Structures are given as C-alpha cells and as structure tokens.
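Chemist: Build me a model:
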Amino acid sequence: MNAQLITALLLGAAVLVGWARLLLWQRAAGDLGARPWRLAALLLLQPVVALLLYFGLFPPTLPVAGGTLTVATQGSSRFASAGKGAHLVALPEAPDVAGAQAMPDLATALRRYPDTRRLIILGQGLVARDRDAARGLAIDYTPPAAAAGLIALARPDRIAPGATFAVGGQVAGLSKAQVELLDPAGRVTDAAAVDADGRFSLTGTARAAGTAEFTLRLRRADGGLVEQALVPLRIEGDAAPRLLILAGAPGPEVKYLRRWATDAGYAVTVNMSAGGGIALGDAPVAINATSLRRYDLLVADDRAWAGLGGGRGAVLEAVRGGMGLLLRGSGPADGALRGQWRALGFDLSGGNGVAPIALPAPLAADRARTRAGIGSADIPADLNIGDDLLPEATRMDGVPAGRDAVPLAQDAAGTPLAAWRALGAGRVAVWTGLDSFGLVLSGRGDLYGDWWGRMMTAVVRPAPGSVPAFTGPAWVGERISLCGLKPGARVDGARLATDPATGDCAAWWPDRAGWHQLRRADGAFAAFYIHPANALPALRIAQMHQAMALLQGADDKSDPATAARAVPGPSWPWLLGWLIASALLWWFERSRIGRAAAPKS
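Modeler: Below you'll find the model as predicted:
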C-alpha cells in the first residue's frame, strides 16, 4: 500500500465523517435546519475539497516531449555534430569525434541523460552490447552503403561424418565474382560464380568426426583475391547412432547402404533373410520393445516389414518412444506396399510402375574440375564417361504424400523421393528409390550420401544432451548469448552466470579467437567457433545493419506516445483551488444563508 492510496483512504474517510455530521445536525435541528439546497451544497463541497487536496499533494502526470541523444558508433565522421537541442556521445567503437562525450556503453549514456526519448545513430549502428538499452526509444538511423564483400554466410551447425553439406551466402558490390570452397587440406572442393543477386551455393564433404575448418575464397572476375573467410564445421561422430537394417533378401542396395552408414559414423547391424529360414548378416535381433530400445534408427524394405507380422506393433511403439523408422521399397509399388505405407499416413500418388530418377545436370562440370585436380575426392580422377553412360537410377512411379507428410529429398526434376511425418516422439519416413547404389559405382557417392544422410538425419533419434549454443558468427570482444543452459554450465572451464529473467541463457564475452567448448553440469557439451575481431568485416557490418533495421521496425510498431515521458504536473493550482474551496466551505457553514427562520414568540 503506497502513500497515494493511504491518503485517498484518509480523505475518503474524512468526507464520510463530514457527511455524517451534517446529516445528524440536520436531523437534530428539525424545522430549524438547513433548506434542501443548502444541505446539498454543503454535502457536495466536502468531496470537492478532498479531491482538490489530493491532487495538490499528488498532481496528475503530464506528457512532456523527451530529449534527443546523438550517438556516434563505428564508422562515424570525426566532424559529426549533435544537432539542435541534442547531446552528442561517442561509444567505444567510434573514432575520436570532436565535442563528443566518451561513454563505455549506451546504457551509461542514457543514465547520464534520463530524459532521452529519441536516438540519432551515426555510423554503422549499435553492437549487441547496446541494442537492449535502445529498446523502447524512437530511433533515427540511416544505414550507410553496404561494404563490398561477403555480406551473408550460411553453413550447417553440425553434420555427420561422411555427409555432404552446403555452404551458401551473398556477395555485395562485386559483379561476376567467383567463390571457392577449400577443405582443411587446402584443396578446392567446389567453385561457382555468384548470380545476378550476388548469391552462391557450394558443397563439400565432411570427413572424420571432430572440428574442421574449411575456407571460403572470394575473387573478383579477373581472379584477384578480395576476401578469405573461415567456415568452421562441427562434425559429430563421438556417440555413434545405432542403426538396424532389415532386408527381405540380400542385395547391392543393402551392401552399399551398410558401407556408407558405417563411414558416416553409424553403428550398423544388418539382418537379411535368404529364404527357407536362413538368416544372413549379423546376429539376429529380436523385434520387441526391449531390443528396439537399444537402436536409434530402423531401416526396413517392404518385404522385411511385411515379414515382421506382429512385430510391427513393437516397432511402432518404439517409434512413439523416439526411435526413427525409414521404409524403402524393393520394387514397383504394389497393393501390399501401398497398404503398408497408407497405414503409416503416407499415400502414393501416381502409377504402379518404375520411373527414372533425374540426376543433377552439372555432373560433367564436376568431373571436369576433378580431372583438373580441384574436384571432390569421392570421384576417381581417371573417370571419364559421358552422360549417356550414367547409371539409370530408378524410383517408384508413385510420389509419397500425406496430410502431415514433409518432403525430404527430390531429384533434379523436383520430384519428391522421400517424405517423413511425426509419430509420437519419433518420426517415420518412406523412400521411393530402388537402386540408388548405382550412384556410388559411377562416382556420384556425394549425391548418394546427400540423399541418405538427409533422410537418416531427419528421422534418427536425437542425441541426448545436445547443447544449443548460439546461431550466427561471433567475434572476439562482442557479447554473445548462450542458451539452453543449466546451473553449473562452463565455457572453457569458466563458470557462467545465467540470467534470472530467462533462466537458461547467459551472456559471454569471448577474449580469444578459435574453438571454444561449452559444457553443462550434466556432461553435455558443444563446440563453437569465435572469429577474430577483424575477420569478415563486410559480413559484420551487414549484420549490424540488419539488427538496426529490426530494432527500428519494432519501435515503429509501438505507440508514438512512448516517445514522450510523463512527469508530475504543477501542484500549486490544485492547492490554490483547495484553499479557495475550503474558505468557501468554512464561510458557508457559518452563514445564515439557506437556513430556516426561527418562529417569533
């Protein structure tokens, strides 16, 4: 209970007491009491006096226009001016600006000038340290022209050993630029020219588990080097996912799938049926809830799935508990296969025959780069076959679909080859390819690994204890937010203090470039990379411009009244009114006006 409420209650009680006194006096006076209009006036003046006294003690607030603060940041002119009626401050990233007050951060500047309601930002914009302090203020910011170079870079957060990954981005200010991707050994794995919008996409292949540092080179049209960027990758293979492959018969598809999965870091178990009760492969696995709990992913063809009989219920129960299930066909889609997949929520739209898979067109160019010594290590250097000798990879004529099915992989013609859907805590996927092993034999192991890696990654049981760190590149000396934490989390052995407002996030300022390790109290950990402070300057500036645009957009949607501050109004008019009303009430109570005349004897 605050002072305002206590005062209001006391004044209200005083009004009630005053009303009670007047009414009791009127009742006791009888015919000699006040006339009705006099009594009404006295009753009305009581709350008027109380209200005037209340507002004299606590005057209402009035909106007052706030001040303007001009903030110099990185890239500001040394001769910047504050403008009329504004104060000029310089943040640590700004150069020496004449007449500016140096401030360690924006929050300190706002404490120095508490009436600030509008910011004029000069230069490249606010860094992450100052953006939270600017929220809720009107922001006037015009970004300068984007610097020439790499302004966007997208890479996978983590990949499996042996998987193919893509690196994309955008270049500004350089027409007809060329980009190259180099592996950790310095070999060019892919090269491409940027399109009309400056965008590009390159592919590479991950090798052994651990951390890897690929390199992205940006060259002008004449071949001159413009920029070289490090592309850090986290290749996770420490905890090998456990894969169970069930096949109704032995064949090359199972052989090459097992070989690829083993190289990709899976712990593979294969059970195949040769007919007549003969089983091939590893030791037979009993299909029940206990045994399936040990596996993270089950891959089965249509004949093996049909042969499980009542065991299919145990498999689906394991999927609801988190295990992944990937079904593939061994031939054209017949009625039995369609019924199996329909029971899992997938419909095959199309015919019952076999159709070719459209392979990517740039295959010949890839081989040309290989013969020149810059191709992928997956393709033999002496391979020189034409497109007419490529394997005819086939698929079912039907296209997997469903109400909540999500497409997974597609061929060069855009035809979906696989789809997945959620089932409890796990996922189920279907694959319509029939002889994808031919891609490995023709040197297209990258495409084979891309398809199978994408499907398995989408449905495999998530690794326990994964730690989400942060998204996007980070630089030395710039604050980053690490989330998904629990009490006791550490970075490089140093304990982190979580923010009580979020409960699972902490701020951290890296002081050195390179790989860092985030470890939680439960033992889960993640590695992430910090760039040097002078690395990727165009990308860093582009991210600052984007963050400022988002900050401006959030403020533009707010009420314009938030750009003004509310201050207590003057109290003297209310106190003067209270004094006049009190004097009037005192005089009126003692006057004879409106009183009944006493009868003459």
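Chemist: which helix is the longest one in the protein?
Modeler: Longest helix of the chain, by residue count under DSSP state H: helix 3-29.
Chemist: quick check: mean pLDDT across that helix?
Modeler: Mean pLDDT, helix 3-29: 87.
Chemist: What is that helix packed up against?
Modeler: helix 36-57 (3 or more C-beta pairs under 8 Å, 6 or more residues apart in numbering; DSSP states H and E). Every C-beta, even on glycine, is put in place using the N, C-alpha and C of the backbone.
Chemist: Next, the angle helix 3-29 makes with the helix it packs on.
Modeler: Here the directions of helix 36-57 and helix 3-29 differ by 160 degrees (axes from the mean of the first three to the mean of the last three C-alpha atoms, to 10 degrees).
Chemist: Touching helix 36-57 from outside, list them.
Modeler: For helix 36-57, the surrounding residues in contact (C-beta atoms under 8 Å, 6 or more residues apart in numbering) are 7-8, 11-12, 14-15, 18-19, 22, 26, 33-34, 571-572, 574-575, 577-578, 581-582, 584-585, 588-589, 593-595.
Chemist: what do you get for stretch 416-425?
Modeler: By C-beta under 8 Å, 6+ apart, stretch 416-425 touches 316, 319-322, 325, 344-346, 357, 395, 399-402, 404-411, 427-433, 451, 454-455, 458-459.
Chemist: The helix or strand containing Ile120 pairs with which strands, and in what direction?
Modeler: In the assignment (DSSP states H and E), Ile120 maps to strand 116-122. Strands that pair with strand 116-122, judged by DSSP bridges, come out as strand 67-72 (parallel), strand 138-141 (parallel).
Chemist: Go through the shortest one and flag the buried ones.
Modeler: Residues 138-139, 141 are the ones in strand 138-141 that count as buried (16 or more other C-beta atoms under 10 Å).
Chemist: Reformat those residues as a markdown table; add pLDDT and distance to Gln74.
Modeler: A markdown table is the format used below for these (pLDDT from 0 to 100; distance: C-beta to C-beta, whole Å):
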| residue | pLDDT | distance to Gln74 |
| --- | --- | --- |
| Ala138 | 88 | 22 |
| Ile139 | 90 | 17 |
| Tyr141 | 90 | 13 |
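Chemist: Show me which of those is closest to Pro487.
Modeler: Here the nearest of those to Pro487, counting by C-beta to C-beta, is Ile139; it sits at 36.0 Å.
Chemist: who are the neighbours in contact with the closest one?
Modeler: Shown in contact with Ile139 (C-beta under 8 Å, 6+ apart): 118-119, 121, 548, 551-552, 555.
Chemist: That one pairs with what?
Modeler: The partner residues for Ile139, given DSSP bridges, come to Leu119.
Chemist: measure it to Ala109 for me?
Modeler: As for Ile139, its distance to Ala109 is 14 Å (criterion: C-beta to C-beta, to the nearest Å).
Chemist: Tell me, how many residues neighbour Leu52?
Modeler: The local packing of Leu52 (other C-beta atoms under 10 Å) involves 20 other residues.
Chemist: what's the closest non-adjacent residue to it?
Modeler: Among residues not flanking Leu52 along the chain, Trp578 sits closest, at 3.7 Å (C-beta to C-beta, 6 or more residues apart in numbering).
Chemist: For the helix or strand containing that neighbour, enumerate the helices and strands it packs against.
Modeler: Trp578 belongs to helix 572-590 when assigned by DSSP H and E. On a contact count with 3+ C-beta pairs under 8 Å, 6+ apart, helix 572-590 meets helix 36-57.
Chemist: How about the helix it packs on, which residues are buried there?
Modeler: 38-39, 41-42, 45-57.
Chemist: Can you give me the first-to-last residue distance of stretch 586-595?
Modeler: Taking C-alpha to C-alpha, to the nearest Å, the first and last residues of stretch 586-595 lie 15 Å apart.
Chemist: immediately after the helix or strand containing Thr457, which helix or strand?
Modeler: Assigned by DSSP H and E, Thr457 falls within helix 445-459. As assigned by DSSP H and E, the chain's next helix or strand after helix 445-459 is strand 480-482.
Chemist: Mind giving me the packing neighbours of that following strand?
Modeler: Against strand 480-482 (3+ C-beta pairs under 8 Å, 6+ apart) you get strand 506-508.
Chemist: Name every strand pairing with the strand it packs on and say which way it goes.
Modeler: Strand pairing for strand 506-508, using DSSP bridges, gives strand 480-482 (antiparallel).
Chemist: from the chain's centre, how far out does the partner strand sit?
Modeler: Taking the mean of its C-alpha atoms, strand 480-482 sits 12 Å from the chain's own mean (C-alpha atoms, centre = their mean, to the nearest Å).
Chemist: And for stretch 306-316?
Modeler: Between the centre of stretch 306-316 and the centre of its host chain there is 39 Å, according to C-alpha atoms, centre = their mean.
Chemist: Contacts for that stretch, please.
Modeler: Here stretch 306-316 makes contact (C-beta under 8 Å, 6+ apart) with 246, 248, 273, 287-289, 292, 298, 300, 305, 323, 325, 336, 340, 423.
Chemist: Report the buried members of those residues.
Modeler: Buried by 16+ other C-beta under 10 Å: 246, 248, 273, 287, 292, 298, 300, 305, 323, 325, 340, 423, out of these.
Chemist: quick one: which of those residues sit in helices?
Modeler: The helices, defined by DSSP H, take in 292, 305, 340 from the buried ones among the contacts of stretch 306-316.
Chemist: what residues are up against the second one?
Modeler: Translated: Trp305. By C-beta under 8 Å, 6+ apart, the contact list for Trp305 reads 246, 312, 327, 340.
Chemist: just the last one next, same as before
Modeler: Contacts of Gln340 were listed using C-beta under 8 Å, 6+ apart, and they are 302, 305-306, 327.
Chemist: Closest to Ala154 out of those residues?
Modeler: The closest of the contacts of Gln340, once distances to Ala154 are taken by C-beta to C-beta, is Leu327, at 31.4 Å.
Chemist: The closest one: what secondary structure?
Modeler: strand (DSSP: H, G, I helix; E, B strand; the rest coil).
Chemist: Distance check, Ile159 against Thr189.
Modeler: Taken as C-beta to C-beta, the span from Ile159 to Thr189 is 14 Å.
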